[in-house]
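> based on what follows, work out the 3D shape:
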Amino acid sequence: QALEIDRANGNDAWQQSEKKERDQLKEYDTFIDKGPNPNARELAGYKKIDLHFVYAVKHDGRYKSRIVAGGHLTDAPVESVYSGVVSLRGVRFCIFLAKLNELQVWQMDVGNSYLEAFTKEKVYVIAGPEFAEIRGHVLVINKALY
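Predicted structure coming up:
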């Protein structure tokens, strides 16, 4: 549907966004490409899952595409899963302390930091049309996806 919107708008914004996502996944070695799968055979010892694109227009007007996995198809981890979130009060307190001690405050955004995490699950996908030139290949998921 996103590519249909591109055609209607006379641009390639979503197409470029999808390409950027594919390029980043390749750069981070997110998948292990096992080659074409002409017989649609199952990969022994692995669970097959599906992927799809999720689209968003960011507050600054950027078009963002993400390839996401069907996480509901894998078993939930038994260990604690926690993602820390800083409160606004905590940020204000740190800035106050920095100012009080004449320190500089720096901030940054780590894009795609989740792609640094290797997966424990043994899962794979058959590359669909969203993977362009490697469509039909068996891809073992090597690193985390959304």
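
> please identify the buried residues of stretch 6-16?
Going by neighbour count (16 or more other Cβ atoms under 10 Å), the buried part of stretch 6-16 is 6, 13-14. C-betas here are computed from N, CA, C, even on glycine.

> where does the chain have low pLDDT?
38-40, 70-84, 109-116 (pLDDT under 70).

> now do the helices in it.
Using DSSP state H, the helices of the chain run over residues 2-9, 13-27, 88-100.

> which strands and helices sit next to the shortest one?
Here helix 2-9 is seen to pack against helix 13-27 when contacts are counted using 3 or more Cβ pairs under 8 Å, 6 or more residues apart in numbering; DSSP states H and E.

> can you show me the CA trace of the helix it packs on as CSV?
Provided in CSV are the C-alpha atoms of helix 13-27 (Å, rounded to 0.1, in the frame of the first residue of the first chain):
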residue,chain,number,x,y,z
ALA,A,13,9.5,8.4,-0.4
TRP,A,14,8.3,5.1,0.9
GLN,A,15,10.3,3.1,-1.6
GLN,A,16,13.5,4.9,-0.4
SER,A,17,12.5,4.3,3.2
GLU,A,18,12.1,0.6,2.6
LYS,A,19,15.5,0.5,0.8
LYS,A,20,17.1,2.2,3.7
GLU,A,21,15.7,-0.3,6.2
ARG,A,22,16.8,-3.3,4.0
ASP,A,23,20.3,-1.7,3.7
GLN,A,24,20.5,-1.2,7.5
LEU,A,25,19.5,-4.8,8.1
LYS,A,26,22.1,-6.0,5.7
GLU,A,27,24.8,-3.7,7.2
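
> once you drop chain neighbours, what's closest to D6?
Nearest non-adjacent residue to D6, counting by Cβ to Cβ, 6 or more residues apart in numbering: W14, 5.0 Å away.

> touching, the one you found and V57? I think so.
No - assessed by Cβ atoms under 8 Å, W14 is found out of contact with V57, at 9.8 Å.

> contacting residues for D23?
The neighbourhood of D23, defined by Cβ atoms under 8 Å, 6 or more residues apart in numbering, contains no residues.
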